[in-house]
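In: I would like the atomic coordinates for the input below:
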Amino acid sequence: MVPPPTRLDPAHGRALVPARAGRKVRLREIGPADRRTLAGFDRDSADTRRVGEYRHWAAHRAEADFHFGIETLRGGLVVGSLSATEADSPDRFSYGIGIGPQHRRCGYAGDAVITLLRFMFGERGYSTCQVSIYGGNVASLSLHAGLGFREEGRVRDLELSRDGVKYLVLMGITDSEFAEIHPDFPVARERERGRHHRPRGRHRDR
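Out: Have a look, this model is predicted:
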């Protein structure tokens, strides 16, 4: 899927937020039992892993702003994880997401991303989301295009080229673009409260 964000700030801890639910999954805090499940996903996909693919264990050890387990609404089954972090400006964020091999093609990834965007745009006050996807990862590129992300450019990477990947595809979506696709998203009302209504100081929940 999408690799974990690379711009991390080790000076800040993880943010704890209430669970956020979509149509198929909810995003919630990751517990010790979840870590074992997610580490198992990494082991299960080790033989077929593509270069740069999301690694659950690596995301858990990184100091991202938000970490979520992805849990099904029916049955409460943990099917993946997601991490998000502020990118190169206070208004922009990025994320990484991974779904366990046995749980893919069930619509969980798309629902988790939509739920994250609602949270980050509507509750945290970000205006833009940008992700970097490895060229050749057709499934992830198609997923994000279907969610309304636009291709913003391609970055050649000499390190990646040694593994057969020539570039990263940058894809992005703004809060207003997201609102057009999801008319129930209250972007207009949120903006009336001010561009930066979220708490400052890198807006951590303690």
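
In: CA atoms for contacts and neighbours, from now on please.
Out: Noted.

In: look up the pLDDT of residue 116 for me, please.
Out: Here the pLDDT value assigned to residue 116 is 96.

In: tell me how many other residues crowd it.
Out: Neighbour count for residue 116, taken as other Cα atoms under 10 Å: 22.

In: against residue 154, how distant is it?
Out: For residue 116, the distance to residue 154 equals 24 Å [Cα to Cα, to the nearest Å].

In: tell me, how many residues neighbour residue 88?
Out: 10.

In: and the helices in the chain?
Out: For the chain, helices defined by DSSP state H occupy the ranges 32-44, 56-61, 108-117, 138-146, 158-161, 175-181, 187-192.

In: tell me the buried residues in the fourth one?
Out: It stands for helix 138-146. Neighbour counts using 16 or more other Cα atoms under 10 Å place 140-141, 143-144 of helix 138-146 among the buried residues.

In: ok, the longest one next?
Out: Using 16+ other Cα under 10 Å as the test for burial, helix 32-44 gives 34-35, 38-39, 41-42.

In: now flag whichever of those residues is closest to residue 99.
Out: Using Cα to Cα, residue 41 comes nearest to residue 99 of these, at 8.0 Å.

In: the residue nearest to that closest one when sequence neighbours are not counted and residue 152, how far apart?
Out: Of all residues not flanking residue 41 in the chain, residue 100 sits nearest, at 5.1 Å (Cα to Cα, 6 or more residues apart in numbering). Residue 100 sits 28 Å away from residue 152 when distances are taken as Cα to Cα.

In: nice, that's everything, thank you.
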